[in-house]
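In: quick one: sequence and predicted model below, then my questions.
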Amino acid sequence: MVASAAIGGTLQYGFNLAIMNSPTTFIQTFINETFMERWDIQLEDYQVTLVWTIIVSIFSLGGFAGAIIAGPMTIRFGRKKCLLLNNIFLMSGSILALSSRAARSFEMIIISRVLVGINAGISMNVQPMYFGESAPKHLRGAASLSSAVFTAFGVVLGQVVGLREILGSEPCWHYLLASNAVPGLIQLLTLPWFPESPRYLLIDKGDKEACINALRRLRGCEVQSSELDEILQEQAETKGMRPRRPWELFTDRSVRWQLISVMVISSAMQLCGNDSIYFYASYVFKEAGISDEKIQYITIGTGTCEFTACIMCSELSEYCFVPFGAVCLLSALYVGLFLPETKGKSLSAITSEFHKLNFKGQDRKCESQTQAQYQLGEHVQSFVNYTWVLRYGAPVVESTNQLIWSFIVAVLSLGAWAGAVHSGSLPVTYGRKNALLFNNVVAIVAALFMLFSRMAKSFEMILLGRFLYGYNVGLGLSVHLMYLGESSPKKLRGFLTLTSSIFIGFGKVMGQIIGIKEIMGTDEMWPYLLAVSGIPAILQFVVLLFFPEAPRYLYIDKGDTEGTIKALQWLWQENDLKLELEDMQKERESTKGEKAKTVKDVLSSRCVRWQLLTLAIPCAGVQFCGINALYFYAFDIFHESGVPEDQMHYLAIGIGATELITITLCSFLIDRAGRKKLMGYGYLLMGVTMSLLTVMLSIKDLNPWIPYVNIALIFCVICIYGLGPSGVSMALPADLFLQAWRPSAYVISGTINWLGMFFVGMLFGYIVDGLGQFCFLIFVAYSVFSAAFMLYFVPETKGKTMIEITEDFHKLNYKNRAADIEKADDAVATKF
């Protein structure tokens, strides 16, 4: 219902704002040509600008008219019918815009903009009203906020459709102006299937039966008496009162502050400077030296930022300021650490300063790539260039080719973030096993895109395939850990969840091996190399069908005792399951009546505060321990030690194999030494070793044997990483949260992990350029901090049940608050 109402509603507002940027020159030319044909008059530039300004700004006057008539229309026809009738204005405007060129009439464009503005003005008022009156109380804010989301999405969609490659060209500008009819047609076809606003039916029309039917259709279940009572109470309070006219609100004291709030907030949207930023953005981009052809793509980025921000606000509520604060902090660090001062310098001097950054360490970066990675990038970039020549008759610009390759590499992390976000809902709705099966379908589709990309001559298929691979990894990593943690016995939980790290290391080694030029790292085989990930997906899809669902999910979430016993007997090959069933019974009792928690619940609830900190700092934040910096410097050190460049990819395999072996050893130690010691002392030793490595890198030219010491230190750090943080960061999160909290906790873990990887990948080159070998000191600080956090605050989870672990954390969550401790103890008590 939200999509159906919004696609013909507030989406139109954003869409019709955005599509006017691209055809500016073409419409101004059309105005001038029309005057010449009619009156043989060549308009002055200011006259053409005046007519164009009227075309653009009259949209707002139409919106004003639509806002005025929206109130009477909703009262007379209802919210749903008002939205449907609103499309009459839209379709009429679209027809006029489409016919304007053939009729040689710019006046038709002006009338079209008025009608489209009326449509936007009505929809901007009626759509939030429809959502607010149809949504349940706990979802009313999110449903109403979707109006802003679709407005931002309309801006992005209008910017994309307005590209010169689509409809933003001289022959197609009238089709661009008429393209707003497509969302309107979709709404006309879909919205009739949804009910009228329940509150309108009961309060305005007095039709209780229709209200109940509408609520039943919207909720998908029987109507709760509390919700119906609330509507009846509002009906009783407004009984005998006619709808207020707009001017009556100004004299009614009972709504004075509501009116002031609406006026301030609404006017602030226009006066906050957002529109002026959009207006001046193109000028700023042009002044920065960006060509006119590329400004349109950057403009899409501005709309995408607004769209993403709207979605984040709806998901994170008051925590939405956290990512914005992070962006501000990162921007401040970037300016403070890397940006040279330009005050009092000539343009040549400023350019020279930037060249020092642009080309610093270029040779080292080239040497630092493994041969297999370099060859694959070379093959794909060559394919991009070949595709570009076929399409546009000219080779792609080198910078553009490099940008496309960077997107292909980086989009994996963004896809993984999307998968991590869905890891909170899919396993709860469909179960852990079914979520993994669905995830394999995603990987198989991605493999097919990769396999046929060269045949279809489409590098976009590679981009989409990488995004789907990322989604597969992000969803699979979280659900995999859930499935193993909820299916394993207490004494083996650490070992089994740590196998995920083992297989990650094994996957690295396998990828490095099959990526060498002797196997699949050739120009003929690269599509098969990119598609080979589909083979494990097919294998898991076939094999996993024969395994049962996670026993804890069956027992705690589904209440299926018989299915749980069968699953445990199948998995453990034991009949004495009394202790395990009692443990699950305790956990189910502790969460009885609780629905699965949302991400906001995890972030705001005191009872999981220390579990969340443990999840975020030493576990999900493992990307910040410096292992990527180590891999970067490893090849530089190998090169200085005299290793030939064509042997580098074999050393890469050796590093991956070292990590795999140490993680495997960690699986045998985790249930003996415990999670706390392995991770705490692991981080501490990593910090000490990287500090020593920083010193040795600073004096590497003093003696020829120092590079060999650095090689030994690199392998020491990799061994420590594999024995501690790498493995335990996968195993520990499965111990921290009860069933109701676990899926959303994994969403947060995946978000921190994948966004951390993305930002480290994007910023690491700049950090190395700015700090050199001293970049390790940042990671040393993180490692030491994580070690202190683990050793001083986090309780040991080895050999404990979920309830016992929760009780240990409650001592931290409710420290020095005896009443809260008693309350927490009551929450985990059982009826036995």
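Out: All right, it came through fine.

In: give me the neighbour count for Glu804.
Out: Number of residues near Glu804 (other CB atoms under 10 Å) recorded here: 15. All C-beta spots, glycine's among them, are computed from the backbone N, C-alpha and C.

In: what pLDDT, on average, does the strand or helix carrying it get?
Out: According to DSSP states H and E, Glu804 maps onto helix 802-813. For helix 802-813, the mean pLDDT works out to 83.

In: what does stretch 148-165 give?
Out: Mean pLDDT, taken over the full extent of stretch 148-165, equals 79.

In: and if you look at stretch 193-209?
Out: For stretch 193-209, mean pLDDT is 80.

In: next one: stretch 458-478
Out: The model assigns stretch 458-478 a mean pLDDT of 90.

In: what about the nearest residue to Leu492 once chain neighbours are set aside, how many residues nearby?
Out: Excluding the flanking residues, the one nearest Leu492 by CB to CB, 6 or more residues apart in numbering is Asp671, at 7.1 Å. When neighbours are defined as other CB under 10 Å, Asp671 has 19 of them.

In: residues in contact with Asp671?
Out: 491-492, 494-495, 798-799 (CB atoms under 8 Å, 6 or more residues apart in numbering).

In: ok, Phe35 touching Leu43?
Out: Yes - here Phe35 reaches Leu43: they are 5.3 Å apart, a contact under CB atoms under 8 Å.

In: for Val441, give its distance to Asp671.
Out: 34 Å (CB to CB, to the nearest Å).

In: for Ile95, that is, sorry about that
Out: Noted for Ile95: a distance of 72 Å to Asp671, by CB to CB.

In: for Leu577, what are phi and psi?
Out: For Leu577, the backbone dihedrals (degrees, to the nearest 10) come out as phi -110, psi 20.

In: need the nearest residue in space to it, chain neighbours excluded.
Out: Closest to Leu577 by CB to CB, 6+ apart is Leu568, at 5.1 Å.

In: residues near that neighbour, how many?
Out: 23.

In: show me the contacts for it.
Out: Counting by CB under 8 Å, 6+ apart, the residues that Leu568 touches are 551, 574, 577, 580-581.

In: quick check, nearest of the residues you listed to Leu812?
Out: Closest to Leu812 out of those is Glu580 (26.9 Å), distances taken as CB to CB.

In: how about the helix or strand harbouring Thr564 as CSV, C-alpha atoms only?
Out: Here Thr564, judged by DSSP H and E, is contained in helix 561-572. C-alpha atoms of helix 561-572 as CSV (Å, rounded to 0.1, in the frame of the first residue of the first chain):
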residue,chain,number,x,y,z
THR,A,561,9.1,-29.4,20.6
GLU,A,562,8.8,-32.5,18.5
GLY,A,563,10.6,-31.0,15.6
THR,A,564,13.4,-29.8,18.0
ILE,A,565,13.9,-33.3,19.4
LYS,A,566,14.1,-34.8,15.9
ALA,A,567,16.6,-32.2,14.8
LEU,A,568,18.8,-32.7,17.9
GLN,A,569,18.7,-36.5,17.5
TRP,A,570,19.6,-36.2,13.8
LEU,A,571,22.5,-33.7,14.5
TRP,A,572,23.9,-35.1,17.7
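
In: show me which positions of it end up buried.
Out: 563-565, 567-568, 572 (16 or more other CB atoms under 10 Å).

In: repeat that for stretch 443-452.
Out: 443-447, 449-451.

In: what sits up against that stretch?
Out: Stretch 443-452 has contacts (CB under 8 Å, 6+ apart) with 461-462, 464-466, 468-469, 472, 476, 527-528, 530-538, 541.

In: neighbours of Leu468, how many?
Out: Leu468 has 25 nearby residues by other CB under 10 Å.

In: give the contact list for it.
Out: 415, 442-443, 445-446, 449.

In: what does Phe789 give?
Out: 613-614, 617-618.

In: any stretches of the stretch 401-550 of the chain with poor pLDDT?
Out: Confidence mapping of the stretch 401-550 of the chain against pLDDT under 70 gives the ranges 494, 497-498.
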